[in-house]
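Undergrad: Turn this into a structure:
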Amino acid sequence: MKLINEMELNFKALSINEGFARSCVAAFCVQSNPSLDEITDIKTAVSEAVTNCVVHAYPGLPGNVCIKVKLYEDEVEIEVIDNGIGIEDFEKAKEPFYTTKKDEERSGMGFAVMESFMDSLELKQNENKGLIVKMQKFFKKQNMPAVGE
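TA: Numbers count the residues shown, from 1 in each chain. Predicted structure coming up:
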């Protein structure tokens with residue numbers, strides 16, 4: 001597995017930055033020639049991960065989100081990192097419909113959505129008590145016509 005490129009993106013945990021984050025990651029992944037469906041999956045998963053940071057990581061406080069992307073010929077690894085309050089029970093948090101924000105009409109489907117659109121999902125606590133969401137997507141090889149065909 002040969003590393004093609006990598007990037008790191010840092011921004012404020014504001015809902016307005018969710019679209020920026022997913023578009024930036026998707027545009028970065030294009031150089032590995034993923035399918036449109038694969039790009040859509042990545043955008044959806046990144047949106048969910050960033051939204052979780054905005055809604056849950058920093059209750060009532062400003063915070064930051066860091067996204068690290070490692071791009072390979074046939075896969076991408078994405079880490080969405082916050083330094084917020086963390087999650088006490090990863091397995092409980094990954095259960096569909098579980099939410100700590102019931103009063104805000106949250107569906108509790110964020111991690112389930114990420115798992116369904118990506119090939120792997122791992123949750124880890126970082127050294128600052130916040131959360132690292134590590135996702136991986138494998139690209140199927142595309143049969144692209146040669147230029148001029």
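Undergrad: use CA for all of it now, contacts and neighbours both
TA: Fine.
Undergrad: Any idea which residue is closest to the centre of this structure?
TA: Of all residues in the chain, the one closest to the mean position by CA atoms, centre = their mean is Val46, 3.1 Å from it.
Undergrad: Spatially nearest residue to that residue (excluding sequence neighbours)?
TA: Arg22 (5.5 Å; CA to CA, 6 or more residues apart in numbering).
Undergrad: part of a strand, is that neighbour?
TA: No. Under DSSP: H, G, I helix; E, B strand; the rest coil, Arg22 sits outside any strand and is assigned helix.
Undergrad: Now do it, the pLDDT please.
TA: Arg22 is assigned a pLDDT of 95 by the prediction.
Undergrad: Quick check, it in contact with Ile39.
TA: No. Using CA atoms under 8 Å, Arg22 is not in contact with Ile39, being 9.7 Å away.
Undergrad: what residue ranges in the protein score low on pLDDT?
TA: 87-110, 142-149 (pLDDT under 70).
Undergrad: What segments of it are strands?
TA: 3-12, 64-72, 75-82, 120-125, 131-138 (DSSP state E).
Undergrad: what's in contact with the longest one?
TA: This means strand 3-12. Strand 3-12 is contacted from outside by 17, 62-73, using CA atoms under 8 Å, 6 or more residues apart in numbering.
Undergrad: Mind putting the residues you listed into a markdown table with distance to Ala26?
TA: Output for these, formatted as a markdown table (distance: CA to CA, whole Å):
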| residue | distance to Ala26 |
| --- | --- |
| Asn17 | 14 |
| Pro62 | 26 |
| Gly63 | 23 |
| Asn64 | 20 |
| Val65 | 17 |
| Cys66 | 15 |
| Ile67 | 12 |
| Lys68 | 13 |
| Val69 | 10 |
| Lys70 | 12 |
| Leu71 | 11 |
| Tyr72 | 14 |
| Glu73 | 15 |
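Undergrad: Fine by me, we can end here.
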